[in-house]
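*Asks:* Curious how this folds, go ahead:
(2 chains)
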Protein chains: 2
Amino acid sequence: MNLVYTGKTKDVYELEDGNYLLTFKDDVTGENGVFDPGANTVGLTIEGAGRAGLRLTKFFFEVLKEKGIPTHYIDANIEEATMTVKPATVFGQGLEVICRYRAVGSFLRRYGRYAEEGQPLDAFVEVTLKDDARQDPPINEDGLAMLGILSHEEYKVLKNLTQQIANVVKEELAKKDIDLYDIKFEFGRVEDGQIVLIDEISGGNMRAYKNGEYIEPLELEKQMMA
Amino acid sequence: MNLVYTGKTKDVYELEDGNYLLTFKDDVTGENGVFDPGANTVGLTIEGAGRAGLRLTKFFFEVLKEKGIPTHYIDANIEEATMTVKPATVFGQGLEVICRYRAVGSFLRRYGRYAEEGQPLDAFVEVTLKDDARQDPPINEDGLAMLGILSHEEYKVLKNLTQQIANVVKEELAKKDIDLYDIKFEFGRVEDGQIVLIDEISGGNMRAYKNGEYIEPLELEKQMMA
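*Replies:* Predicted structure coming up:
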């Protein structure tokens, strides 16, 4: 089992059968000790954050499987905080695809002249390049195509999948009276070129609110898994 | 004649017949005394810059008129550095529409992980919001539609006009062996809702190079009008 990648919140190992093993760490993104799903730095370490993130990820990936929405998920071992996944290659050097139901975070920082904080948005999708040094710049469909990262056809698939998956998460949260404000995903291509959801779906990837109050990632896992 | 708007490089007066008069100033955008067409501040004042910008603008707007491409232009008085235009309303609080043939400037700052300096781009179009306080953030087609700034149909028209007009400028420059690297435009809606090019087309809106060397706005005007 070879370590092939060390990420901010996960390590990735190659398995002998060609699949990959993700290990979920207790590190979460943020700045100055405050959690921020949009941040590029590890802000704090929370005991049990890895397992909590994996429990939610397993839950959502299994719901998606039932609905026939493609992901890289094979199975998960909560005790060991590991998830086995199919091999997938990312687009370029990695994209983040964000789906927004409320104007908060970087949307508000960029478009605050036209939007009020918390204003409803209709599953607005935007793509950013994973590039810490350049603060994950947003890029439009034409830019992605021109730089050879994603074809126009693939962009349509990506946007459609993003809205479908975000809607599944939104509905699951709504069952516990929790509102999804925004969520970010990563996608990859598997062997046959099919575009699938990769990485995770946990409190660390989304902003969730209950009665107008933000729910921390660990608390979200508790409420969702209760 | 009422002053209705004071801009960084132009003032706008309302005329009694309902049209508007733009006065071209000698101020150009930049930072620390260095010209930068993408900057949001007046960087320096150059004697004759207003008239030079107007001469080029008049030239290009008249070429566009011949080609049947709609603009707000009526006529120009070089001596007085004024241009008479039809009334037009901008989208939201104003957009900048950029067309790029080479990877330089903010494109390179954002997408430098995927592009080399000066790399050819195929008339890549992107839109930014005019918002000095937020550094003119880029916004995609869905975002423009969601914030009620521009419909999807209007975006198509805008993008198409942008590429048409940029291509006209590119061809005119090529006649003098000058390469257009990038150019930015502003658009508005006239009385019947038609989308037209507004503002100006001058050295202050574009990056032009000759034999790999950048040409300053005043020098560009000299070479083009020679």
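
*Asks:* got the contact list for the residue nearest the centre of chain A?
*Replies:* In chain A, the residue lying closest to the centroid (Cα atoms, centre = their mean) is A:Phe185, at 3.3 Å. Neighbour list for A:Phe185: A:Glu96, A:Val97, A:Ile98, A:Cys99, A:Thr162, A:Ile165, A:Ala166, A:Leu197, A:Asp199, A:Ile201, A:Asn205 [criterion: Cβ atoms under 8 Å, 6 or more residues apart in numbering or on different chains]. C-beta here means a position set from N, CA and C on the backbone, and glycine is covered the same way.

*Asks:* Assign a three-state SS to the spatially closest residue to the last one that is not a sequence neighbour, would you?
*Replies:* Pointing back at A:Asn205 there. With Cβ to Cβ, 6 or more residues apart in numbering or on different chains as the criterion, A:Asn205 has its nearest non-adjacent residue at 5.3 Å, and that residue is A:Lys184. Here A:Lys184 is recorded as strand under DSSP: H, G, I helix; E, B strand; the rest coil.

*Asks:* Verify the stated contact: A:Lys184 with A:Gly94.
*Replies:* No: if you go by Cβ atoms under 8 Å, A:Lys184 and A:Gly94 don't touch, sitting 11.8 Å apart.

*Asks:* longest single helix anywhere in chain A?
*Replies:* Ordering each helix of chain A by length in residues (DSSP state H) puts helix A:152-174 first.

*Asks:* Who are the packing partners of that one?
*Replies:* helix A:49-66, strand A:95-102, strand A:120-129, helix A:141-146, strand A:179-189, strand A:195-198 (3 or more Cβ pairs under 8 Å, 6 or more residues apart in numbering or on different chains; DSSP states H and E).

*Asks:* Just the buried residues of the fourth one, please?
*Replies:* Neighbour counts over helix A:141-146 (16 or more other Cβ atoms under 10 Å in any protein chain shown) mark A:Glu141, A:Asp142, A:Gly143, A:Leu144, A:Ala145, A:Met146 as buried.

*Asks:* Who are the contact partners of the third one?
*Replies:* It refers to A:Gly143. Counted by Cβ under 8 Å, 6+ apart, A:Gly143 has contacts B:Tyr111, B:Phe124, B:Glu126.

*Asks:* From A:His72, how far out is it?
*Replies:* Using Cβ to Cβ, to the nearest Å, A:Gly143 is found at 26 Å from A:His72.

*Asks:* Could you check how far the worst-scoring helix or strand of chain A on mean pLDDT is from the centre of its chain?
*Replies:* The least trusted helix or strand in chain A, going by mean pLDDT, DSSP states H and E, turns out to be strand A:34-35, with a mean of 74. On the basis of Cα atoms, centre = their mean, to the nearest Å, strand A:34-35 sits 17 Å off its chain's mean C-alpha point.

*Asks:* Compare A:Lys184 and A:Gly94 (neighbour count), which wins?
*Replies:* With neighbours defined as other Cβ atoms under 10 Å in any protein chain shown, A:Lys184 and A:Gly94 compare such that A:Lys184 has more, 24 against 17.

*Asks:* Check the gap between the more buried one and chain B for me.
*Replies:* 15 Å (Cβ to the nearest Cβ, to the nearest Å).

*Asks:* ok, that residue - contacts?
*Replies:* A:Pro37, A:Gly38, A:Glu96, A:Val97, A:Ile98, A:Cys99, A:Asn205, A:Met206.

*Asks:* on that earlier part again, enumerate the positions of the longest helix of chain A that are buried.
*Replies:* A:154-155, A:158-159, A:161-163, A:165-166, A:168-170, A:172-173.

*Asks:* just for chain A, where's the confidence low?
*Replies:* A:38 (pLDDT under 70).

*Asks:* quick one, domains of it?
*Replies:* For chain A, the structural domains run A:2-85, A:89-217, going by automatic domain parsing.

*Asks:* Of those, give the one that comes closest to B:Lys25.
*Replies:* domain A:89-217 (25.1 Å; Cβ to Cβ).

*Asks:* Any idea how many residues pack against the closest residue to A:Arg189 other than its chain neighbours?
*Replies:* Of all residues not flanking A:Arg189 in the chain, A:Thr89 sits nearest, at 5.4 Å (Cβ to Cβ, 6+ apart). Using other Cβ under 10 Å, A:Thr89 has 11 neighbouring residues.

*Asks:* what do you get for A:Glu16?
*Replies:* 7.

*Asks:* residues contacting it?
*Replies:* Taking Cβ under 8 Å, 6+ apart, one finds A:Met1 in contact with A:Glu16.

*Asks:* Which residues of chain A lie near chain B?
*Replies:* A:92-93, A:109-115, A:121-122, A:124-126, A:129, A:131, A:133-134, A:137-143, A:146-149 (Cβ under 8 Å from any Cβ of the partner chain).

*Asks:* Check these for burial and list the buried ones.
*Replies:* A:92, A:110-111, A:114-115, A:121, A:124-126, A:129, A:131, A:137-143, A:146-147, A:149.

*Asks:* coming back round to it: can you tell me how far the residue nearest to A:Arg189 sits from chain B?
*Replies:* 16 Å.

*Asks:* Confirm for me that that residue is in contact with A:Phe187.
*Replies:* No: contact criterion Cβ under 8 Å: A:Thr89 and A:Phe187 do not qualify, at 10.4 Å.

*Asks:* In a markdown table: the helices and strands packed on helix A:152-174, plus distance to B:Glu219.
*Replies:* Shown next, in a markdown table, are the helices and strands packed on helix A:152-174 (distance: least, Cβ to Cβ, whole Å):
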| stretch | distance to B:Glu219 |
| --- | --- |
| helix A:49-66 | 58 |
| strand A:95-102 | 41 |
| strand A:120-129 | 35 |
| helix A:141-146 | 30 |
| strand A:179-189 | 46 |
| strand A:195-198 | 49 |
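
*Asks:* Looking at those, which is nearest to B:Ala81?
*Replies:* Nearest of the helices and strands packed on helix A:152-174 (Cβ to Cβ): helix A:141-146, 36.4 Å.

*Asks:* what about dumping the CA coordinates of that closest one to CSV?
*Replies:* Extracted in CSV, the C-alpha atoms of helix A:141-146 (Å, rounded to 0.1, in the frame of the first residue of the first chain):
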residue,chain,number,x,y,z
GLU,A,141,-17.1,27.5,-19.1
ASP,A,142,-15.3,29.0,-22.0
GLY,A,143,-12.1,29.4,-20.0
LEU,A,144,-12.2,25.7,-18.9
ALA,A,145,-12.6,24.6,-22.5
MET,A,146,-9.9,27.0,-23.8
